[in-house]
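**Student:** model this:
(one chain, ligands or ions: 2)
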Amino acid sequence: MNMKTSVAIEKAVPVADPDIARTEFRNAMARMAAAVNIVTTNGPAGIAGFAATAVCSVTDNPPTLLVCLNRGASVHPAVMQNGVLCVNVLSEAHQDLSRLFGGKTPVAERFAGASWSELSTGAPVLEDALVSFDCRIVRQADGGTHDILLCEVDAIRQRDEGQGLIYFDRTYHSAGRAE
Ligand SMILES: NC(=O)C1=CN([C@@H]2O[C@H](COP(=O)(O)OP(=O)(O)OC[C@H]3O[C@@H](n4cnc5c(N)ncnc54)[C@H](O)[C@@H]3O)[C@@H](O)[C@H]2O)C=CC1
Ligand SMILES: Cc1cc2nc3c(=O)[nH]c(=O)nc-3n(C[C@H](O)[C@H](O)[C@H](O)COP(=O)(O)O)c2cc1C
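**Tutor:** Residues are numbered from 1 along each chain as shown. Ligands and ions are numbered 1, 2, ... in the order given. The predicted structure is shown next:
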């Protein structure tokens, strides 16, 4: 078989200018497909929640997730003071809910958009989430504009049916099975 492979570098980006670097980074990140979650909290500092793609697995011993939270977000004080959060993994049916939790909407309106329960920490658990990881924040690291939160999982609830919600190219997609 005579196969020809070619590699093209379309654009070399000067990263010296922080504004250009930031824009180019965001444009590049928009090409990285990511699962969409709603991260919630509740406790002495009140109830809060936000849409998040910056969530990933760290270790299974003890089960630990990482969540990156913008320090300027309205939810930041509540999450940090409560010290608990729940990562609710969204299904393809949750596009509108993700938009509701994606910024600027008052907190009561966000939570009025769905049904919630609790597991172990008291953080709101989305009734029809694909998976909910109920967590305690055990450590944090400085990520500049963001706090990097290491979260130990106290309880997990999951359901087997449903497809994941993916954010790619600044739009929502269904995570259907690839052929
Ligand atoms: N990690 C984060 O803090 C994220 C924040 N957002 C926020 O949601 C809004 C809508 O986002 P898009 O429509 O995707 O357009 P966008 O052009 O602002 O973002 C494109 C991609 O860049 C990344 N990104 C955006 N803002 C970031 C930030 N402050 N720090 C680190 N990475 C960031 C994300 O992967 C995002 O999908 C924006 O205000 C954006 O800042 C969105 C996704 C992730
Ligand atoms: C698809 C999507 C993913 C997001 N992911 C994150 C994230 O991982 N971390 C974060 O701090 N903000 C993320 N945001 C932004 C927050 O959800 C929220 O909109 C932002 O912090 C401002 O909220 P505020 O109006 O309550 O301050 C994301 C927004 C969208 C729409």
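
**Student:** let me see the contact set for the residue lying closest to V39 once chain neighbours are set aside.
**Tutor:** Nearest residue to V39 in three dimensions, chain neighbours excluded: A52, at 4.8 Å (Cβ to Cβ, 6 or more residues apart in numbering). Where C-beta positions appear, they are placed from N, C-alpha and C, glycine not excepted. Taking Cβ atoms under 8 Å, 6 or more residues apart in numbering, we find A52 in contact with V36, N37, I38, V39, V67, C68, L69, V87.

**Student:** ok, the residue in the chain that ligand 2 sits nearest to to P18 distance?
**Tutor:** Relative to ligand 2, the nearest point of the chain is G103 (2.7 Å; Cβ to the nearest ligand atom). From G103 across to P18, the span is 23 Å (Cβ to Cβ, to the nearest Å).

**Student:** mean confidence (pLDDT) on the host helix or strand of R22, please.
**Tutor:** Using DSSP states H and E, the secondary-structure element containing R22 is helix 18-29. The average pLDDT within helix 18-29 is 90.

**Student:** cool, stretch 103-117 as well?
**Tutor:** pLDDT averaged over stretch 103-117 gives 95.

**Student:** return the set of buried residues in that stretch.
**Tutor:** Residues of stretch 103-117 classed as buried: V107, R110, F111, A114, W116 (neighbour count, 16 or more other Cβ atoms under 10 Å).

**Student:** quick check, nearest of those to ligand 1?
**Tutor:** Nearest to ligand 1 out of the buried residues of stretch 103-117 is R110 (Cβ to the nearest ligand atom; 14.6 Å).
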